[in-house]
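**Q** Got a predicted model here, sequence first, then my questions.
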Amino acid sequence: MDLFVAQLLNGLVYGMLLFLMAAGLSLIFGLMNVVNLAHGSFFMLGAFIGYSIFRSTGSFWVAFVLAPIPVIALGVVMEVVFLRRLYRRGHMDQVLLTFGFTFVFLDLVQSVWGRSVLRLPVPAALQETVQIGWGVFSAYRLSLIAFGFAVAGLLWLLLERSRIGAMVRAGVDDAAMAAGLGANIPALFGGVFGLGVALAALGGVAAAPILGVYPGMDADILIPAFIVTVSAVWVACAARSRAAC
Amino acid sequence: MGSLRGAFAGSLLIGICDTFGKAYFQTVALFLIYLTMIVVLLIRPQGLFGIKYSNVAAAPAITTRVGAVTSSTRVAELAALLALVLLPFAVGDYPRALVSEIFIYGIFAMSLDLIFGFTGLMSLGHAAFFGLGAYAVAVLGAQFGLNAWLGVIAGVGLAASGAALIGVFCVRTSGIPFLMLTLALSQLVYTVALKWRDVTGGSDGIAVAERPSFFGLDLSRSLPMYFMALIFFVLTYWGLRRLLNAPLGQAFIGLRENEQRMAAIGYRTRAYKLLSFTIAGALAGLAGGLYAIFNGFISSDAVYWTASGDVLIMTMLGGAGTLIGPAFGAAIFLLMKNVVSSHSEHWMAIIGGVFVCCVMFFPAGLWGTARGILQRAPK
């Protein structure tokens, strides 16, 4: 029974990491029709940059907050300088472009941090274990689950209850019409891409104490995240009536 | 915008399934995950992500076709062939082996070009068929002592039937769903290669038991190996060019240009897409079988989705939709991998950067761009 509950917890933790990836992937896909094959690279970059910040400051929390910033910058540059020029040409070229970037980012990581597996320790405050009912759980894993729920809630608020979210939803439905009604579509694309990248990078730092930090973690997380993204709407549709989809 | 809720529920579902699967049913866990994806894609191929794909362009941005065979191209081809026949006598063992590998990957890249460049379906799972061909040679040789050439024939047959089977599902879609379906189905093949360790050796790989002879010549020497690869390369090129200039090939190109119009004319578009996919798979299987003979070893890495990405890069670099272009792309890719990597550690960044520039500025690829300049010059 203990093992079962522990597995359930691990599954939830892994699910939350996948959610951080899949939320960005499906937002980017929904708005821009781009399957971002470089999304795993942002996850990996987040983990590695987080590792370096941790090594120089000694604080996990500083790493957690600061690591996504350079990754977001990289992602937004990629969108503005490269992807944006290809919107007229077709989405398949954009997919190819993001695949080219996976090579660049993997090489970047290998030349800066080497090829070995690095480990980011669990922050001191969360090293304890927590007794809930019959089981003993890692505080870090529990807080990761809470963090996942919090991110999901905030994203929901942003998308469903804010003006920007309304514009994003309008853009998903019909980008040309939304632009006609005054939404700044290029800025929206850049912003959503940046948001997706930020979630991936945060996921990378959060995953580092559990999954480790290594070149190749990009491909390892990308495929399951794809599966989630592909299944996502189906799950949502199964929950509601099929006619609503 | 149900995709956020869906992503959340889906993530938890997949996360829990994956963790339990790994803990309790190790061998089948990965299958279950990929099967989920495939089933979803098949149930809702068009409504995926809640997005309609009708306006998603699938074909490469360029529209090229194989030119008619004129006397000048024939002279150029004979000159190139002569140069390739003479080349191995001028160089040592290492360049011979490198060029042999380029020929084999050239066959692989040209086979992807048939489905991607000419039929307009971007596959991210082409390495699966390469792997089927290569494993057929290695596994049949190791288990039953089958001669490697019979293994190659079996591999081509296996790859063709695998492609036909996978194709039945995939050709229902096009564009991005096609990309994702081929990705998921090829990952299933990868999972088999990885998990069925007794037979495939998993990630440790399996060695080809015995290198066969080629018309009595010993393939462990570099010169016969070179000519063996060259002969298969030239045959594949010649066969594909015949195919593409024939009515069947024209139908494939028509599918790329406008599938709806082809359907309106009366073509059974799915059958043609399936045929193109099967031929491409069979040729990839041929390349895989030859690679197993050439390399003497095959591991599950050769079937991983990044291997499918590599061949996509080769095809794009050389020029999708130009038949010989992808072979040049294979040459650039392998030269960078082998030559640049011995001088600089950054061959991946370099090839990634070159590829990004190619997609941005030369969507016709190296050969497509060069041919465009050559054709414009005399006027």
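**A** It's in. Residues are numbered from 1 along each chain as shown, chains lettered A, B, ... in the order given.
**Q** rest of the way, CA atoms for contacts and neighbours
**A** Fine.
**Q** burial count for the closest residue to A:G135 other than its chain neighbours?
**A** Leaving aside its sequence neighbours, A:G135 sits nearest to A:D2 (Cα to Cα, 6 or more residues apart in numbering or on different chains; 6.4 Å). Applying other Cα atoms under 10 Å in any protein chain shown, we find 10 residues neighbouring A:D2.
**Q** surely A:D2 meets A:I132?
**A** No. Between A:D2 and A:I132 there is no contact under Cα atoms under 8 Å: 11.7 Å.
**Q** Name the residues of the helix or strand harbouring A:A170 that are buried.
**A** Assessed by DSSP states H and E, A:A170 sits inside helix A:163-173. By 16 or more other Cα atoms under 10 Å in any protein chain shown, the buried positions in helix A:163-173 come out as A:165-173.
**Q** follow-up on the earlier one: could you report the separation of the residue nearest to A:G135 from chain B?
**A** 14 Å (Cα to the nearest Cα, to the nearest Å).
**Q** Can you give me the distance of that residue to A:F137?
**A** According to Cα to Cα, to the nearest Å, A:D2 stands 10 Å off from A:F137.
**Q** Please apply the same query to B:R256.
**A** Between B:R256 and A:F137 the distance is 55 Å, computed by Cα to Cα.
**Q** Between the two, which has more neighbouring residues?
**A** Comparing B:R256 with A:F137 by neighbour count (other Cα under 10 Å), the higher total belongs to B:R256, at 22 against 16.
**Q** Give the closest residue to the more buried one in space, chain neighbours not counted.
**A** Spatially, and ignoring its direct neighbours in sequence, B:R256 is nearest to B:G120 (4.3 Å; Cα to Cα, 6+ apart).
**Q** three-state assignment of that neighbour?
**A** coil (DSSP: H, G, I helix; E, B strand; the rest coil).
**Q** Next: A:V34.
**A** Using three-state DSSP, the structure places A:V34 in coil.
**Q** Can you give me every residue that contacts it?
**A** For A:V34, the contact set (Cα atoms under 8 Å, 6 or more residues apart in numbering or on different chains) comprises A:28, A:91, A:94-95.
**Q** And B:G365, by the same measure?
**A** B:316-320, B:325, B:358-359.
**Q** Contacts only, for the residue minimising distance to the centre of chain A.
**A** Ranked by distance to the mean C-alpha position of chain A (Cα atoms, centre = their mean), the top residue is A:A200 at 2.4 Å. Counting by Cα under 8 Å, 6+ apart, A:A200 touches A:20-21, A:24, A:39-40, A:42-43, A:46.
**Q** got it, and B:S299?
**A** Taking Cα under 8 Å, 6+ apart as the contact definition, B:S299 lies against B:193, B:200-206.
**Q** Just the buried residues of those residues.
**A** For the contacts of B:S299, buried by 16+ other Cα under 10 Å: B:193, B:200-202, B:205-206.
**Q** can I get the residues you listed in TSV with secondary structure?
**A** Below are these laid out as TSV (three-state DSSP):
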residue	secondary structure
B:A193	helix
B:T200	helix
B:G201	coil
B:G202	helix
B:G205	coil
B:I206	strand
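**Q** now, which of the residues you listed sits nearest B:V85?
**A** B:I206 (32.2 Å; Cα to Cα).
**Q** number of nearby residues for the residue in the stretch 201-350 of chain B positioned nearest to chain A?
**A** The stretch 201-350 of chain B approaches chain A most closely through B:A349 (4.1 Å), counting by Cα to the nearest Cα. By the criterion of other Cα under 10 Å, B:A349 has 20 neighbours.
**Q** For it, which non-adjacent residue is spatially closest?
**A** Distances taken as Cα to Cα, 6+ apart put A:V104 closest to B:A349, at 4.1 Å, once the chain neighbours are dropped.
**Q** Quick one: low-confidence residue ranges for chain B.
**A** For chain B, the stretches flagged by pLDDT under 70 are B:1-3, B:26-30, B:37, B:41, B:43-68, B:377-379.
**Q** helix or strand right after the longest helix seen in it?
**A** Using DSSP state H, we find that the single longest helix of chain B is helix B:269-295. The first helix or strand that comes after helix B:269-295 along the chain, using DSSP H and E, is strand B:297-298.
**Q** can you list the residues of the stretch 101-250 of chain B near chain A?
**A** The stretch 101-250 of chain B has residues B:122, B:175-176 near chain A, with proximity defined as Cα under 8 Å from any Cα of the partner chain.
**Q** rerun that using 10 Å as the cut-off
**A** Contact residues (Cα under 10 Å from any Cα of the partner chain) of the stretch 101-250 of chain B with chain A: B:121-122, B:175-177, B:179-181, B:183-184, B:187.
**Q** just the strands in the chain please.
**A** Just going to use chain A. A:129-132, A:135-138 (DSSP state E).
**Q** wait, I meant chain B there
**A** Using DSSP E, strands in chain B cover B:206-207, B:213-214, B:217-218, B:297-298.
**Q** for those strands, which one ends up most surrounded?
**A** Each of the strands of chain B was assessed for mean neighbour count using mean count of other Cα atoms under 10 Å in any protein chain shown. The highest is strand B:297-298, with a mean of 23.
**Q** Pairing partners for it, with directions?
**A** The pairing partners recorded for strand B:297-298 under DSSP bridges are strand B:206-207 (antiparallel).
**Q** so of the strands of chain A, which one's packed in deepest?
**A** Mean neighbour count (mean count of other Cα under 10 Å) peaks for strand A:135-138 among the strands of chain A, with a mean of 14.
**Q** name the helices or strands packed onto that strand?
**A** Strand A:135-138 is packed against helix A:2-32, strand A:129-132, with contacts defined by 3 or more Cα pairs under 10 Å, 6 or more residues apart in numbering or on different chains; DSSP states H and E.
**Q** Go again with 7 Å.
**A** Packing partners of strand A:135-138 (3 or more Cα pairs under 7 Å, 6 or more residues apart in numbering or on different chains; DSSP states H and E): strand A:129-132.
**Q** May I have the strand it packs on as PDB, with CA atoms only?
**A** Taking only C-alpha atoms (Å, rounded to 0.1, in the frame of the first residue of the first chain), the coordinates of strand A:129-132 have been written out as PDB:
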ATOM      1  CA  THR A 129       9.600  14.400   4.900                       C
ATOM      2  CA  VAL A 130       6.000  15.000   5.800                       C
ATOM      3  CA  GLN A 131       3.700  12.500   7.600                       C
ATOM      4  CA  ILE A 132       0.200  12.500   6.200                       C
END
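**Q** you'd agree B:G319 is up against B:G368?
**A** Yes. Counting by Cα atoms under 7 Å, B:G319 touches B:G368, with 5.4 Å between them.
**Q** Residues that sit against both of the two, list them.
**A** Common neighbours of B:G319 and B:G368 (criterion: Cα atoms under 7 Å, 6 or more residues apart in numbering or on different chains): B:G325.
**Q** Comparing the two, which residue is more hemmed in?
**A** A direct count of neighbours by other Cα under 10 Å for B:G319 and B:G368 places B:G319 higher, at 32 against 25.
**Q** In contact with the nearest residue to A:L120 once chain neighbours are set aside, which residues?
**A** Setting aside the residues directly before and after it, A:L120 is nearest to A:P209 in space (Cα to Cα, 6+ apart), at 4.9 Å. The neighbours of A:P209, taking Cα under 7 Å, 6+ apart as the test, are A:119-122.
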